[in-house]
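**Student:** got a predicted structure here, sequence first:
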Amino acid sequence: MRRVQQGDKAAFDLLVIKYQHRIVHLVNRYVKDPSEAQDVAQDSFIKAYKALGDFRGDSAFYTWLYRIAINTAKNYLLSRSRRHSDYEVDMQDAEQIENAPQLKDIETPEHQLMNDQIIAVIKSAIEKLPEEMRIAITLREFEGMSYEEIAEAMDCPIGTVRSRIFRAREAIDEKLNPLLG
Amino acid sequence: MQAQQIEKLSLLVDDQLDNAQAIPLLKSVQRDPELQAKLQRYALISQALKGEQGAVADLDFAEKLKRQLKSEPVYFLPRKKSDDHFKKTSLAVAASVVLAVVGFYAGKMQNRIQPFAEITTAAQSQTPADQMNAQFKDYLQAHDNVWYVNNNVGVKSYARLASYQPK
């Protein structure tokens, strides 16, 4: 993070690789159109890069980036609805927008169909997983438990948890890859 | 793709890697399109398992952004000032404030002293007493024919104007 703040663009590129999917996913909660969500996510990263001098390290980088992405998405929706491309809203306005569903984007049917297919494939793959792998990945993803908590819950070493979660992902990926390819 | 790297990718998704492990892995992802695709699918699986709508970054997302950022100027943070620097600055500011206050009050005092200074100057420029006495004596002699009448009805007092030229 220090390297990024000192102007190291290569270091920032690595942060982009790490957080790109989370940010696109976050933006997509507001901007349902996939291509627009990509653009807004790009814009969020650019804004973050420009505002790096303001990042004081009081919070985690992702928390800071998260706030920028949410504001960028909300500003995008608001400016589009008001047909003002350069309109900026402050945090208070942004909070109000969050409670205004009419301002949220409408998902495209193609995107919805793809999503349904992906979810069906993943569900089917989970059902076929060995029990210990299914429990490990479920505790991690559904319950949001840490590796330590899962190890305690499953009464096994953390190394085993890592391995089970990894193998579960690989088994699901094996089914998912042909669909996306 | 090495199996070890893919396993680390799974840990990266769960934020289980420290910087020493994450940075080399991210650099590998940056270079390897297969690792990029794998990371994308892992993200998708994670979202789907959470019951959320799948939305991940396009495979060229990072590359597009990199190109855009190339046109952006480099942003530098202002250099962090050391404690020593801070102490020196504080001392300099404190000294300036003290000097300003002293200067202000000195100016005020000067204004108060000024009238006395004028009197002193005037006193210093006065004619010496002996000379003054001699002049006064001459004046009296020159005016010894002048009457001064007080409270005498019918008698008008008069004054004779005389001028005195100092030497």
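**Tutor:** Yep, that arrived.
**Student:** rest of the way, CA atoms for contacts and neighbours
**Tutor:** OK.
**Student:** and the helices in the chain?
**Tutor:** Since you didn't name a chain, this refers to chain A. All helices of chain A, identified by DSSP state H, fall at A:2-5, A:9-28, A:34-50, A:61-82, A:91-98, A:109-127, A:131-141, A:147-154, A:158-180.
**Student:** please go with chain B instead
**Tutor:** B:3-13, B:19-31, B:33-49, B:61-70, B:83-125, B:129-142.
**Student:** which stretch in those is the model least sure about?
**Tutor:** Between the helices of chain B, the one with the least mean pLDDT is helix B:83-125; it has a mean of 71.
**Student:** what's the residue nearest to residue B:17 when sequence neighbours are not counted in contact with, if anything?
**Tutor:** Spatially, and ignoring its direct neighbours in sequence, residue B:17 is nearest to residue B:11 (6.1 Å; CA to CA, 6 or more residues apart in numbering or on different chains). The neighbourhood of residue B:11, defined by CA atoms under 8 Å, 6 or more residues apart in numbering or on different chains, consists of A:162, A:166, B:17.
**Student:** and the residues you listed, which is closest to residue B:70?
**Tutor:** Within the contacts of residue B:11, proximity to residue B:70 (CA to CA) peaks at residue B:17, which comes in at 28.5 Å.
**Student:** any idea how far the closest one lies from residue B:23?
**Tutor:** The gap separating residue B:17 from residue B:23 is 9 Å, by CA to CA, to the nearest Å.
**Student:** what score does the most far-flung residue of chain A relative to its centre have for pLDDT?
**Tutor:** Most distant residue from the mean C-alpha position of chain A: residue A:155, 30.3 Å away (CA atoms, centre = their mean). Per-residue pLDDT puts residue A:155 at 97.
**Student:** ok, it to chain B distance?
**Tutor:** To chain B, residue A:155 is 19 Å away according to CA to the nearest CA, to the nearest Å.
**Student:** show me the contact partners of stretch B:31-47.
**Tutor:** Against stretch B:31-47 from outside (CA under 8 Å, 6+ apart): A:21-22, A:122, A:141, A:169, A:172-173, A:176-177, B:1, B:6, B:9-10, B:13, B:28-30, B:53-57, B:59.
**Student:** and these, which are buried?
**Tutor:** A:21-22, A:122, A:141, A:169, A:172-173, A:176, B:6, B:9-10, B:13, B:29-30, B:53-57, B:59 (16 or more other CA atoms under 10 Å in any protein chain shown).
**Student:** residue contacts, residue A:24?
**Tutor:** Taking CA under 8 Å, 6+ apart as the test, what residue A:24 contacts is A:37, A:38, A:41, B:55, B:56, B:57.
**Student:** identify the farthest-apart pair in these.
**Tutor:** Maximum distance among the contacts of residue A:24 (CA to CA): 11.4 Å, for A:41 and B:55.
**Student:** tell me if stretch A:110-122 is near chain B.
**Tutor:** Yes. Judged by CA under 8 Å from any CA of the partner chain, stretch A:110-122 comes into contact with chain B at A:115, A:118, A:119, A:122.
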